[in-house]
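Colleague: A predicted structure for the sequence below; I have some questions about it.
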Amino acid sequence: MRLPSAASLYVIALGSNRSGRHGRPAQEVTAALGLLGDVIAVSPVMMTPPLGPASRRYANAAAVIATPETPPVLLARLKAIERAFGRRRGQRWGSRVLDLDIILWSQGAWSDRRVTVPHPAFRQRNFVLEPLMRVAPDWRDSVTGLTIRQLHHRLRG
């Protein structure tokens, strides 16, 4: 694997539980993958139960991408992709055409008022860890030092 110069790796979680212009939720996730840039690895799209008050199952995936962007710049680009897919601000945990989250960054941790990496809740979310196991099981969480495999095992307990 050869990375573009000055690029970092990121793990992006993708999710959808509402149909949009690209079709059903799994098709929305697949379409979004094409806009992420240099995709190094991608998990299969998995159907998972909803979290919170949402009633529809989610299509979830994880992708490892290479980009020279800093976390805030990448977050702004991901939010623009969400808006292009029809995402509107609204109820937390509500139905959405597309949700894109930065989960991990090869440079370790980042935190400012807009974004925190590693994603603060990913360790407790099987719908993130399960696809992540498919693309980066040996990636270490910069906060706990545990691998994705270890975090997944702990969650599944």
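Modeller: In hand now; what should we look at? Numbering: from 1, shown residues only.

Colleague: going forward, measure contacts between C-alpha atoms and count neighbours the same way
Modeller: Will do.

Colleague: what strand or helix carries the closest residue to residue 102 other than its chain neighbours?
Modeller: In space, and not counting its chain neighbours, residue 102 is closest to residue 12: 4.8 Å by C-alpha to C-alpha, 6 or more residues apart in numbering. Here residue 12 sits within strand 8-16, counting by DSSP states H and E.

Colleague: list of residues touching that strand?
Modeller: 25-26, 28-29, 58-69, 95-107, 128 (C-alpha atoms under 8 Å, 6 or more residues apart in numbering).

Colleague: that strand: partners in the sheet, and parallel or antiparallel?
Modeller: Sheet pairing of strand 8-16 (DSSP bridges) gives strand 58-67 (antiparallel), strand 99-105 (antiparallel).

Colleague: tell me the angle the very next helix or strand once past it makes with strand 99-105.
Modeller: Where DSSP H and E defines the elements, the next helix or strand beyond strand 8-16 is helix 25-33. Here helix 25-33 points in a direction 60 degrees away from that of strand 99-105 (axes from the mean of the first three to the mean of the last three C-alpha atoms, to 10 degrees).

Colleague: other SSEs contacting the next helix or strand after helix 25-33?
Modeller: Sequence-wise, the next helix or strand downstream of helix 25-33 (DSSP H and E) is strand 38-42. Counting contacts by 3 or more C-alpha pairs under 8 Å, 6 or more residues apart in numbering; DSSP states H and E, strand 38-42 is packed against strand 58-67, helix 126-135.

Colleague: quick one, the first one and helix 126-135 angle?
Modeller: Meaning strand 58-67. 50 degrees.

Colleague: what's the angle from strand 58-67 to strand 38-42?
Modeller: 140 degrees.

Colleague: swap in the last one?
Modeller: For helix 126-135 against strand 38-42, the angle by the same axes, to 10 degrees is 100 degrees.

Colleague: keeping just the C-alphas, turn helix 126-135 into CSV.
Modeller: C-alpha atoms of helix 126-135 as CSV (Å, rounded to 0.1, in the frame of the first residue of the first chain):
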residue,chain,number,x,y,z
ASN,A,126,-20.9,-2.5,18.2
PHE,A,127,-22.3,-1.0,14.9
VAL,A,128,-18.9,0.8,14.6
LEU,A,129,-16.6,-1.9,16.0
GLU,A,130,-18.1,-4.8,14.0
PRO,A,131,-17.4,-3.2,10.6
LEU,A,132,-14.1,-1.8,11.9
MET,A,133,-13.0,-5.4,12.8
ARG,A,134,-13.2,-6.2,9.1
VAL,A,135,-10.8,-3.4,8.0
